[in-house]
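Student: give me the fold of what follows.
(one chain, ligands or ions: 2)
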Amino acid sequence: MKVTFLGTGTSQGIPIIGSTHPVCLSENPKDKRLRVSVLVEWDSHNILIDCGPDFRMQMLANKVSHIDAILYTHEHNDHTIGLDDIRPYFFRQGDIPIYAHKRVLDSLKKRFDYIFEFENKYPGSPGVQVNEIQNEPFKFKNFEIIPVNAMHNRLQVFGFRLKDFVYLTDVKTIEKKEIEKLRGVKVLVINALRREPHHSHFNLEEALEFIQEVNPENAYLTHISHQLGFHEEVQAELPENIFLAYDNLKIEL
Ligand SMILES: [Zn+2]
Ligand SMILES: [Zn+2]
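Tutor: Ligands and ions are numbered 1, 2, ... in the order given. Next comes the predicted model:
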């Protein structure tokens, strides 16, 4: 399994438009962060988690030739608004399978009503094959995918366990029984917004406590704000098996 971090930034991305914050002005490519998404290559299947506003550039940057499934964590704009740009994949492959909670599907149907139209569909609109998921393991091809339920303040979000890889983002709280699903994981990805507390995201301290509780072999932090600091400086403070993810980082497991 190969994982590519397509984007590792919080909702506005880094740099923020017009910002003169030193992190936004940094020349280090690791301080430039598109909105969060990962691509998981499992055998020859490409599974995308979230499809945000930078989707097109992410697909071009990583030369992604096909997409076999899109899993959605939740409906916030930074995780969903790239859906129209699946068109080149749709033209080559047909309907693209999407997997999401009912509430997220309802939100997509509102934002992209023309995609979910079945009669008199505008020619050229992309098509999706809809899969509603609950907090139960489901099959994609022969693979088992385990949703992990968490809370983003008052909004439910799903993370996903794919074999020994877990991707969780936009988490503020998570129940003990959901943490049980993460036992024995090799790679854990978790959100860490900044040092200051935030109402709906783990800050760095909360993310580190959570990693300690899960005890993966390696952990990667994502959904990062410019307020967290320079990549190199923050990385230097972290324990040896914890990494700040950065855009286009690839890991194998
Ligand atoms: Zn987000
Ligand atoms: Zn969110």
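
Student: give the next helix or strand downstream of the top strand by length along the chain.
Tutor: Selection of the longest strand in the chain by residue count, based on DSSP state E, yields strand 143-152. Sequence-wise, the next helix or strand downstream of strand 143-152 (DSSP states H and E) is strand 155-162.

Student: contact partners of that following strand?
Tutor: Strand 155-162 is touched from outside by 1, 40, 42, 47, 49, 71-74, 100-101, 103, 133, 135, 143, 145-151, 166-171, 181-182, 185, 200, with contacts defined as CB atoms under 8 Å, 6 or more residues apart in numbering. For glycine as for every other residue, the C-beta is placed from the backbone atoms N, C-alpha and C.

Student: and after it, which helix or strand comes next?
Tutor: strand 165-167.

Student: what packs against that following strand?
Tutor: Identification of packing neighbours for strand 165-167 by 3 or more CB pairs under 8 Å, 6 or more residues apart in numbering; DSSP states H and E yields strand 37-42, strand 155-162, strand 187-191.

Student: picking up where we left off before, so which of the contacts of strand 155-162 are also by ligand 2?
Tutor: Contacts with ligand 2 within the contacts of strand 155-162, as defined by CB under 5 Å from the ion: D170.

Student: pLDDT score assigned to the spatially most central residue of the chain?
Tutor: Centroid-nearest residue in the chain, with CA atoms, centre = their mean: S37, separated by 3.6 Å. We have a pLDDT of 98 for S37.

Student: return the set of buried residues in stretch 90-97.
Tutor: Going by neighbour count (16 or more other CB atoms under 10 Å), the buried part of stretch 90-97 is F90, I96, P97.
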